[in-house]
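Visitor: fold the following and give me the result.
(chains A and B)
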Amino acid sequence: MNVIETTKLFKTYSQGDIQVNALNDVSINFEQGEFTAIVGPSGSGKTTFLNAIGGLDTPDSGKVIINNTDITQLKSNQLIDFRLRNIGFVFQAYNLIPVLTAKENVEFIMLMQGETAKSRKSRTEELLNAVGLKEQINRKPGQLSGGQQQRVAVARALASKPQFVLADEPTANLDSTSTSNLLDIMFRLNQEEKMTFIFSTHDQRVIDRAKRIITLEDGKVISDVIQ
Amino acid sequence: MLIKLAWRNIWRNKKRSFITITAILIAVFLAIIMRSLQLGMYDNMIQNVVGSYSGHVQVHSKGYWEEQTIDNAFEFNDSLIQKIENNINVSNTTKRIQSGCLSSNSDLSKFVFVTGIEPQKEQLMTDWNKRLIDGELLKPNSQAINIGKGIAKYYDLHIGDTLIFIGQGYHGMQAVGAFQVSGILDMKNPALNNISVFMSLSSAQEFLSAEGLMTHLVINKKEYSDEKEIVASLQKELNKNYEIMSWQEMMPEIEQVIQADSAGGLIMIFILYMIITFGIFGTVLMMTQERKYEFGVVVSIGMKKVKLMISMVYETIFLTSIGIFLGILLSRPIVLHYYNNPLEFPAEEAEMMESQGFEAVIPFMSSYDIPITHGLIIFFISLIICIYPIITIYKLNPIKAMKR
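Guide: Numbers count the residues shown, from 1 in each chain, chains lettered A, B, ... in the order given. Next comes the predicted model:
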C-alpha cells in the first residue's frame, strides 16, 4: 500500500538569469514501512523533493498524494494542519525549541493536536524512553549533546503518530557513535512499528542501512534500487 | 503552553529584556510623577480659588451672572437643596446673598461687597474661616461683621469698631445699617481684602430687605468628582429659571491657564512615549528577526500561525506589563509622600504666591486615574507594536525562514 504517491513533479528555480530544474519529471511512490535514502550531489533536488512531499513547498506542476489527498491543492492553513497530523520532521540542525525541555518539546506537537494531558504524558515518556533519553526528559536542548538533541527530534517527529517521517540530513552534524545510535533507534522503530522513514543524505552510514536508495541528479531520478 | 513558551522566551535574552523593562519602568515612573505633580498643582490652584470663594458649582436665578444685582435674588426651598445634596458627586452646599454697597466710617467711604453667609456651612465649603487674623468668626444669626484686612487698614478699624453701609436693597428698597466689626480676615488676595465684608445670612437678608432670598447657592463637589457632571445633572433636575455654572464658566481664565500649561506637560509626556515606543519596537523587532528561523521550524512541524502570533503578543504583553507594574509600584510611595507632604516653594516665591491668594505648596495628585491611564497608554502602545511580529508571521514562508 502506497503511503506517498508523486506524479510528474516539476520545480524550477531562478538563480540570476539561470533557470535551475530542481525537480524534473519526478514520479516516486513510497510504501508503508519503507526505510529509504534519497541520495545525490548538492543541488540534485533532494531537499526540494522532501519539501514537496512534506507540504513545505509546492511544485510547479504534478501531484503529491498522501492518504488520498493531493496536498498540492491544499491552502496554507490546511497544509499546516496536514503536516501536524500526517508528517514527522527531523532536521539537520535538530531545531528543537530552545526554551522548552526535552519532554515539553515532544509534548508540544501533541498539544497542537489537542491531545489530553494524560495521553501526552504517557506518549512523551514512552517516546523518550524509546530513544533512550528517560533520564534527560527535563533537560533543555542546550543541556543535551547533538546526538541527544537529534534523538529528542526523532521522538518529537513521532509524537503526532505520523504516516511517515522525513529526515533531511539527520546525521550531518553527528559523530559516528551518535549516528550509529540514532540509526539504530530509527531502524528499530521502522521494524517494530512499521514507521516509514525517508531520508535525504550524503552519509554513507545511512545509505548502508537504507532498504531502498533513490538517486537524484539535476532534479531527475537516475536510479531507484532496493538493497 | 503558549503562555509558558512566551514567558520563557522573554528570559532567553535576559539583558535585553531587563533593559526594555527598565526603559518602560522609567517611562511609566516619569509619566506618573510628572502628571501627578502637574495635576496636583492645578488641583491646588483650583482649590485655592474655588476653596477661597467661588465653590465648584453655583446656582443663580436666570440672568444673575450677566447682571449681578440683588433684584436677581431667588427663593429656593429646602427639599430642592436636599435633592442637590443627595447627588452622588456633591459634598455639601451653602446659601449666600451678595450685594455691592457703599461703606463709610468717619469721613472716609469705600465700595465693598457685602456677603451674607451661613457660617457653619461656609466653613465646610471654603476656607475663609482659616484666614482670621484678629477677633472672632461670625456665628449664625450674628449681628456683627467680619471684614477683609484691606478694609480694616483703609478705615483703621479694630475689633468692636462700627462700619456703616448704604446701598440698594431688594426691589428698590433702601439698605442702610451700622455693624460692629467682630473679626478681621486675611483673604490672601489683595483685591478680596479690599472689598470683602461678611455677615450672617439672616443679617444680610434683613439689611437688604430680602428675607428668604439668596443670590447664590454654592455647591462643593466630592474629591475627584467632575463638576461638569454636577452641572449636567442639575440642569436636568432644576427648571429653566435657574442658571447652573461650574467654576470653569465663572472663571474661564483659570481654566485657560491650566490648559495652556497642561499642553506643555502633555507634549513632554508624548515625547517620552515616542522614545519608549521606539525602545519597545526595537526589542520586538530583534525578537522577531532573530527568531524567524525558529518560526519557520515550528510552522513546518505544524504550529498554526495564529498560535505563533498569540505567543508573540503574550511575550510583548508580559514584557510591558512587568515594566508598567514596577513603574507604578515605584512611583506610588513617592506620589503618596508628596500628596501628604506637599513640595514647598522657596521663601521669596512663596511670599509672592501667597500675596496672590495661592498656597505656596504643590501637593501631588494621588488619584489612581493617573497610573491607570499611563499604564494603559503603554499597554496599548505595546499592542500596536505587536502588529509587526503579527505581519511577519502572517507573511512567513517556512522554507525561506529556515534558510540560514
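Visitor: just list the residues touching the residue of the stretch 101-250 of chain B found nearest chain A, thanks.
Guide: Shortest the stretch 101-250 of chain B-to-chain A distance, computed as CB to the nearest CB: residue-wise this is residue B:224, at 44.6 Å. C-beta: built from backbone N, CA, C; applies to glycine. Applying CB atoms under 8 Å, 6 or more residues apart in numbering or on different chains, we find residue B:224 in contact with B:367, B:369.
Visitor: three-state assignment of it?
Guide: The three-state label for residue B:224, taken from DSSP: H, G, I helix; E, B strand; the rest coil, comes out as coil.
Visitor: same question, residue B:67
Guide: With three-state DSSP as the basis, residue B:67 sits in coil.
Visitor: neighbours of it, just the number please.
Guide: Counted by other CB atoms under 10 Å in any protein chain shown, the residues lying close to residue B:67 total 8.
Visitor: in chain A, which helix or strand is least confident?
Guide: Across the helices and strands of chain A, mean pLDDT, DSSP states H and E gives its lowest value to helix A:176-193, namely a mean of 83.
Visitor: buried sites along it?
Guide: Burial within helix A:176-193, assessed by neighbour count using 16 or more other CB atoms under 10 Å in any protein chain shown, is assigned to A:178-179, A:181-183, A:185-186, A:189-190.
Visitor: need the residues you listed in JSON lines (columns: distance to residue A:38).
Guide: Output for the buried residues of helix A:176-193, formatted as JSON lines (distance: CB to CB, whole Å):
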{"residue": "A:178", "distance to residue A:38": "21"}
{"residue": "A:179", "distance to residue A:38": "17"}
{"residue": "A:181", "distance to residue A:38": "22"}
{"residue": "A:182", "distance to residue A:38": "17"}
{"residue": "A:183", "distance to residue A:38": "16"}
{"residue": "A:185", "distance to residue A:38": "20"}
{"residue": "A:186", "distance to residue A:38": "15"}
{"residue": "A:189", "distance to residue A:38": "19"}
{"residue": "A:190", "distance to residue A:38": "16"}
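Visitor: any buried residues in the helix or strand residue A:124 falls within, and which?
Guide: Residue A:124 is part of helix A:117-130, with elements assigned from DSSP states H and E. By neighbour count with 16+ other CB under 10 Å, helix A:117-130 contains the buried residues A:120, A:123-124, A:127-128, A:130.
Visitor: next: stretch A:133-148.
Guide: The neighbour-count criterion (16+ other CB under 10 Å) identifies A:133, A:136-137, A:139-141, A:144, A:146-148 as the buried residues of stretch A:133-148.
Visitor: end-to-end on it?
Guide: Length of stretch A:133-148, first residue to last, CA to CA, to the nearest Å: 7 Å.
Visitor: pull the residues that contact it.
Guide: Among residues not part of stretch A:133-148, those counted as contacts by CB under 8 Å, 6+ apart are A:94, A:96-103, A:105, A:124-125, A:128, A:149, A:151-152, A:155, A:173-175, A:177-179, A:181-182.
Visitor: among those, which ones lie close to chain B?
Guide: Restricting these to those touching chain B (CB under 8 Å from any CB of the partner chain) yields A:97-100.
Visitor: let me have the buried residues of helix A:117-130 in TSV, extended by distance to residue B:276 and pLDDT.
Guide: Rendered in TSV, the data for the buried residues of helix A:117-130 read as follows (distance: CB to CB, whole Å; pLDDT from 0 to 100):
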residue	distance to residue B:276	pLDDT
A:120	40	89
A:123	45	88
A:124	42	90
A:127	45	84
A:128	44	88
A:130	50	81
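Visitor: which one of these is nearest residue B:154?
Guide: residue A:120 (91.1 Å; CB to CB).
Visitor: which of the ones next to chain B among the contacts of stretch A:133-148 are buried?
Guide: The neighbour count (16+ other CB under 10 Å) marks A:97, A:99-100 as buried among these.
Visitor: is it possible to export those residues to JSON lines including pLDDT?
Guide: Formatted as JSON lines, these follow (pLDDT from 0 to 100):
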{"residue": "A:97", "pLDDT": "87"}
{"residue": "A:99", "pLDDT": "85"}
{"residue": "A:100", "pLDDT": "88"}
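Visitor: what's the closest of the residues you listed to chain B?
Guide: Relative to chain B, and with distances defined as CB to the nearest CB, the nearest of these is residue A:99, at 3.7 Å.
Visitor: name the SS class of residue B:60, please.
Guide: Of the three states, residue B:60 takes strand according to three-state DSSP.
Visitor: now it: closest residue in space that isn't a chain neighbour?
Guide: With CB to CB, 6 or more residues apart in numbering or on different chains as the criterion, residue B:60 has its nearest non-adjacent residue at 5.1 Å, and that residue is residue B:243.
Visitor: the one you found and residue B:62 touch, don't they?
Guide: Yes. With the criterion set as CB atoms under 8 Å, residue B:243 and residue B:62 qualify as a contacting pair; they are 5.3 Å apart.
Visitor: so the nearest residue to residue B:110 once chain neighbours are set aside: helix, strand or coil?
Guide: With sequence-adjacent residues excluded and distances taken as CB to CB, 6+ apart, residue B:110 is closest to residue B:103, at 5.2 Å. Judged by three-state DSSP, the three-state class of residue B:103 is strand.
Visitor: list the helices and strands the least confident helix or strand of chain A packs on?
Guide: Contact here means 3 or more CB pairs under 8 Å, 6 or more residues apart in numbering or on different chains; DSSP states H and E; on that basis helix A:176-193 packs against strand A:35-39, helix A:117-130, helix A:146-159, strand A:196-200, helix A:204-209.
Visitor: what's the following helix or strand after the third one?
Guide: Secondary structure here is assigned by DSSP H and E; on that basis, the next helix or strand after helix A:146-159 toward the C-terminus is strand A:164-168.
Visitor: which other helices and strands contact that following strand?
Guide: helix A:46-53, strand A:87-90, helix A:146-159, strand A:196-200.
Visitor: name the residues of it that come out as buried.
Guide: Of the residues in strand A:164-168, A:164-168 count as buried by neighbour count, 16+ other CB under 10 Å.
Visitor: right, I'll leave it there.
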